[in-house]
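> what follows is a predicted protein model with its sequence.
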Amino acid sequence: LPFWTSLLVRTTAWIAMLQSEGVVNDILVTTGLVGDENRAQLIYNQTGTIIAMTHILLPFMILPLYSVMKTIPPSYMRAARSLGANSLTAFRRVYFPQTVPGIAAGTLLVFILSIGFYITPALVGGQDGQMISNLIAFHMQSSLNWSLAAALGGILLASVLILYWLYNKLVGVDNLKFG
């Protein structure tokens, strides 16, 4: 369902839910976690940005992970258990190593998408957002410090290349599983 809904619509929905009179604060007041006079400030700050970005990017992590987990036969865990491993040891030594390509692919995908995020941090986080895409846009449009914007773009590119190199070393590009 999240893929069928526009990014702008989902971001706008988070703005409505995170406001001081929004659904999230109403639930916090109803449960007694915060008082009605001092509601939580969840919008136009880093907290709201992280909440909204997590909701928007979560499917990009879950889908590669699910596609890899679906291919692991349950008989592997049963075999480990029958050979004397407890549940935690079987998970750690049998199941988890086989999910590493999905974890790495999801992490790579979410990292690449999140560092280029612009709309959600700008709308939910306000004008003072410290996400790198917002800083690049600010230095390109407002301060006209194009050299700093280019340097930040270079840092962005270098970080993606380093993460891709790490993925290649740990998992191998041939094992890339996005779904």
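Ah, there it is. Quick caveat: nothing in here was measured; it's all calculated off a predicted structure. Residues are numbered from 1 along each chain as shown.

> nearest spatial neighbour of Val29, skipping sequence neighbours?
Asp36 (5.2 Å; CB to CB, 6 or more residues apart in numbering). Heads up, the C-betas are built off the backbone N, CA and C, glycines and all.

> how many neighbouring residues does the one you found have?
10 (other CB atoms under 10 Å).

> ok, it to Leu42 distance?
15 Å (CB to CB, to the nearest Å).

> also Tyr95?
Distance from Tyr95 to Leu42, by CB to CB: 36 Å.

> more neighbours, the two?
Set Tyr95 next to Leu42 and count neighbours by other CB under 10 Å: Leu42 wins out with 21 against 16.

> low-confidence ranges, the chain, go.
For the chain, the stretches with pLDDT under 70 are 1-3, 127-129, 173-179.

> mind running it again at 50?
179 (pLDDT under 50).

> quick one: the strands in it, in order.
With DSSP state E as the criterion, the chain has no strands.

> all the helices of it, residue numbers only.
Per DSSP state H, the chain carries helices over the ranges 7-18, 23-31, 46-70, 74-82, 87-90, 96-115, 119-124, 132-141, 146-170.

> most packed of those?
Most buried of those, by mean neighbour count (mean count of other CB atoms under 10 Å): helix 119-124, with a mean of 21.

> residues in contact with that helix?
7-8, 11-12, 14-15, 18, 43-44, 48-49, 51-53, 56, 129, 131, 133-134, 137 (CB atoms under 8 Å, 6 or more residues apart in numbering).

> shouldn't Gln46 be in contact with Gly125?
Yes - look at Gln46 against Gly125 with CB atoms under 8 Å: they come within range, at 6.7 Å.

> who touches both of those two?
Contacts common to Gln46 and Gly125, judged by CB under 8 Å, 6+ apart, are absent.

> if we can go back for a sec, what about the residue nearest to Val29, distance to Phe117?
33 Å.

> do Trp14 as well
13 Å.

> next one: Leu123
Where Phe117 is concerned, Leu123 sits at a distance of 11 Å (CB to CB).

> for Val100, same thing?
26 Å.

> and what of Trp146?
In terms of CB to CB, Trp146 sits 21 Å off from Phe117.

> good, we can wrap up now.
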